[in-house]
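Enquirer: Below is the sequence, then the predicted model.
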Amino acid sequence: MKRLPLDGIRIADLTMMWAGPYATRVLAEMGAEVIKIESPRAWDNIRTLIPQPGVADPWNSSYYFNDYNRDKKSLTLDLADPRGKGAFLRLVPHCDVVLENYRAEVLDNLGLGHDVLREAREDIILVSMAGYGKTGAERGHVGFGPIIEQMSGLASMTGYGDEGMPVKTGISYGDPVAGKAAVAAVVLALIHRRKTGEGAFIDLAQREVLSTLIGEAFVASSLRGEEPVHRGNRDGRYFAQGVYRCAGEEQWVAISVRDAGDWERLCAVTGIVEHLGAMSNDARHAEIDRRIAGWCAWREPQEVFETVSRAGVPAGRVLDTKTIHEDRHLEERRYWVELPHPRMHAWKQPRSAWQFIEARPRLQRHAPLFGEHNLEILGGLLGMSAEEIAELEAAGVIGDAPANPGVG
C-alpha cells in the first residue's frame with residue numbers, strides 16, 4: 001500500500017467539541033499523527049456529553065467523543081500552568097501544525113500566540129478556528145454551531161413559506177462545514193510551506209465559512225434586492241417537488257416532478273389520476289402533493305423509491321440513522337467498519353469518505369483514553385525523565401482522568 005497523503009505530518013490538536021475535532025479526525029484518516037491535548041481541569045466537553053450510564057470512567061466511553069477522535073493520541077497538559085505550557089512548547093518543534101478552536105483571545109492569554117509558537121518552530125502552521133474570527137466586534141463571543149447557523153444567514157433560507165419563520169437544520173451544520181474548511185486550510189498551508197519554506201497563520205472564522213455556502217442569496221439580495229424566500233421542500237423551477245411520508249415511523253421519500261412529462265410517467269406507474277384541470281401553479285402543486293402523499297402513505301419507502309425511479313422521475317429515500325446502517329449500497333462499498341474498544345462494544349462507524357485507490361485509508365484505532373499516550377509522548381518524543389513526568393502528574397499538570405469530572 002502506498003503512503004497516505006499526510007503520512008509523516010504531526011499535528012498538535014487543541015480543539016474541542018465538533019468542528020475542530022472533526023477536522024483533525026479527517027487529517028488523521030489521511031495519515032497525519034494527531035496528538036489531542038486536553039487539560040485535566042478543562043477537557044473536551046464531549047467526553048462527558050451523553051455518557052454511557054453505569055460505567056466507572058464515562059469520559060472514556062462516550063460514543064460522541066469516539067466518533068470525532070478516533071485515530072488520535074491523547075496527551076494531557078494544563079496549558080494554564082507554566083509547567084504545562086513549557087512542555088507544550090517543547091512539543092511544538094516536533095509538530096508541523098497546531099490547530100485550535102478556542103475563543104479568539106484564549107491562545108494569546110495562555111502566552112501561546114502565533115509569535116510564541118514561531119519562536120519554538122519558525123515554519124509552524126497555526127490554524128485558529130474561533131467562531132467569529134480573531135478580529136472584529138464579535139471576536140470574544142463563544143461560537144457554537146446552532147448560533148453560527150443563525151448568524152451566517154443560512155437560517156433565513158430555511159423554512160416553510162406559509163409559516164414565514166426560519167427553521168434550523170437538524171444538526172449544527174456550521175461545525176462539519178468549518179471542519180472540512182480547516183482541513184483544506186491545513187493542506188494548502190503544507191503545500192505553501194513545501195514550496196516556500198514558510199509557515200502560516202490562518203484565521204478561519206466559522207461564521208464566515210458557513211456564509212460562503214449561500215452566495216446565490218447574497219447575489220440575489222445585492223443585485224436584485226430580493227428577500228429570502230422560504231420554499232419548504234419545493235423548487236419553483238419544477239412542476240412539483242416534495243418529501244412524502246411513507247409507511248412506517250418517520251419514513252419519507254423525496255420526489256421531484258420536473259415537468260408535465262415526469263408527471264405523466266409517474267401517474268402511469270403509480271395509478272395516480274393524471275388529469276389536474278385548470279388551476280393556478282400553487283393550487284396545482286398542492287393537488288399533486290395530495291395525490292402523491294395518498295399513494296405513498298401505505299407503501300414501504302423502498303418500494304416507493306424503486307417504483308418512481310424506474311419511471312425516470314428523480315427520487316430518493318430519506319434514510320434515518322437506523323436505516324442508513326442497513327443500506328445495501330454502503331455495505332457493498334464497505335463504508336461501515338467496527339473498531340475494538342477497551343471500554344465499549346463494537347459499533348458501526350463510517351470509514352473515510354476520501355478513498356484513494358492506491359492508498360486506501362483504514363481506521364487504525366479507537367479514540368484515545370484520557371492521557372493514554374502521556375508516557376509515549378512526554379518520555380519518548382520529548383525525552384522527559386520518569387521523575388519529571390511524575391512531578392507533572394503529582395502537580396495535576398497531566399493525568400489519566402479529568403479532575404472533578406461532571407456530565408454534559
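Expert: Nice, thanks for sending it over.
Enquirer: Do you know the pLDDT at the spatially closest residue to Asp81 that is not a sequence neighbour?
Expert: Here the nearest residue to Asp81 in space, its sequence neighbours aside, is Val397; by C-beta to C-beta, 6 or more residues apart in numbering that works out to 5.0 Å. The way it works is simple: take the backbone N, C-alpha and C, and place the C-beta from them, glycine included. Predicted confidence (pLDDT) for Val397: 97.
Enquirer: Give me the neighbour count for Val397.
Expert: Residue neighbour count, defined by other C-beta atoms under 10 Å, stands at 24 for Val397.
Enquirer: same check, this time on Ala401
Expert: Other residues within reach of Ala401 by the criterion other C-beta under 10 Å amount to 16.
Enquirer: What helix or strand is Ala247 located in?
Expert: Following DSSP states H and E, one finds Ala247 outside all helices and strands.
Enquirer: residues contacting Tyr244?
Expert: Each residue near Tyr244 by C-beta atoms under 8 Å, 6 or more residues apart in numbering is listed here: 252-255, 289, 292-293, 296, 304.
Enquirer: Which one among these sits at the bottom for pLDDT?
Expert: Taken together, the contacts of Tyr244 show their lowest pLDDT at Asp289, with 92.
Enquirer: just checking, what packs against the helix or strand hosting that residue?
Expert: Using DSSP H and E, Asp289 sits in helix 281-296. Helices and strands touching helix 281-296, by 3 or more C-beta pairs under 8 Å, 6 or more residues apart in numbering; DSSP states H and E, are strand 240-245, strand 252-257, helix 260-270.
Enquirer: So which bits of whichever helix or strand comes after it are buried?
Expert: Toward the C-terminal end, the helix or strand that comes next after helix 281-296 (DSSP H and E) is helix 301-310. Under the neighbour-count criterion of 16 or more other C-beta atoms under 10 Å, helix 301-310 has 301, 304-305, 307-309 buried.
Enquirer: what's helix 301-310 in contact with?
Expert: Residues outside helix 301-310 that contact it (C-beta under 8 Å, 6+ apart) are 244, 246-248, 251-253, 255, 266, 269-270, 296, 315-318.
Enquirer: That one to strand 252-257, inter-axis angle?
Expert: Using axes from the mean of the first three to the mean of the last three C-alpha atoms, to 10 degrees, the inter-axis angle of helix 301-310 relative to strand 252-257 is 10 degrees.
Enquirer: The residue nearest to Asp81 against Leu79, yeah?
Expert: No: contact criterion C-beta atoms under 8 Å: Val397 and Leu79 do not qualify, at 9.3 Å.
Enquirer: ok, back up a step: what distance do you get for the residue nearest to Asp81 to Val183?
Expert: According to C-beta to C-beta, to the nearest Å, Val397 stands 31 Å off from Val183.
Enquirer: repeat for Ile125
Expert: Note on Ile125: its distance to Val183, by C-beta to C-beta, is 13 Å.
Enquirer: neighbour-wise, which of the two wins?
Expert: When neighbours are counted by other C-beta under 10 Å, Ile125 comes out ahead of the other of Ile125 and Val183, with 25 against 22.
Enquirer: Show the model's pLDDT score for that one.
Expert: Per the predicted model, pLDDT is 98 at Ile125.
Enquirer: give me phi/psi at it?
Expert: Recorded main-chain torsions at Ile125 are phi -110, psi 120, according to degrees, to the nearest 10.
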